[in-house]
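Visitor: the sequence and its predicted three-dimensional model are supplied below.
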Amino acid sequence: MSQKFVQIIDFASQRFDEMREILDRFEQRMQGTPGGPTHRILLADREQSGRYLAIIEFESYEDAARNNDRPEVAELNQQLSALCTRPPAFTNCDLKDSRELK
C-alpha cells in the first residue's frame with residue numbers, strides 16, 4: 001500500500017487573484033486526469049500580507065513525481081512563478097495522519 005504524499009508550497013505574491021484564476025482554469029482542464037492531486041488547500045498568512053501556503057495532496061509520492069513531469073504542470077509553474085514576488089519554497093512530506101475533528 002502506498003503512502004499519501006503532501007507538498008507544501010510557500011510563496012509570496014501581490015497578484016493572488018490572478019493566480020487563483022490560473023489555478024481554476026488548470027484544474028478544470030486537468031479534471032479526471034489520473035495521478036493528479038487529490039486535495040488542495042490554499043492558505044493566506046494573517047501575519048504577513050502577501051504570503052501564502054498551498055497544501056497539495058497526492059495518493060503517493062510516485063503520483064506526485066509523474067504529475068510534476070507533465071508539460072502542463074511545468075507551464076502552470078512557470079505562469080504562477082511569474083506572479084510571485086520571490087521564488088516559491090517547496091516542502092515534501094509523507095502523510096502520517098489526517099482526520100476530521102468535528
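Guide: Structure's in. What do you need? Bear in mind that the values here come from a model prediction, so they are computed numbers and not experimental data.
Visitor: all strands of this protein, in order?
Guide: 5-12, 39-44, 51-58, 89-94 (DSSP state E).
Visitor: given the second one, what are its sheet partners and their directions?
Guide: It stands for strand 39-44. Neighbouring strands of strand 39-44 in its sheet, by DSSP bridges, are strand 51-58 (antiparallel).
Visitor: now do the strand it pairs with: everything it contacts.
Guide: Strand 51-58 is contacted from outside by 4-13, 16, 35-45, 64, 67, 95, using CB atoms under 8 Å, 6 or more residues apart in numbering. The way it works is simple: take the backbone N, C-alpha and C, and place the C-beta from them, glycine included.
Visitor: report the buried members of those residues.
Guide: Restricting the contacts of strand 51-58 to buried positions leaves 4-7, 9-13, 36-37, 64, 67, with burial counted as 16 or more other CB atoms under 10 Å.
Visitor: how far away from the center of its chain is the biggest helix by length in the chain?
Guide: Criterion DSSP state H: the longest helix present in the chain is helix 16-30. Distance of helix 16-30 from its chain centroid, counting by CA atoms, centre = their mean, to the nearest Å, is 11 Å.
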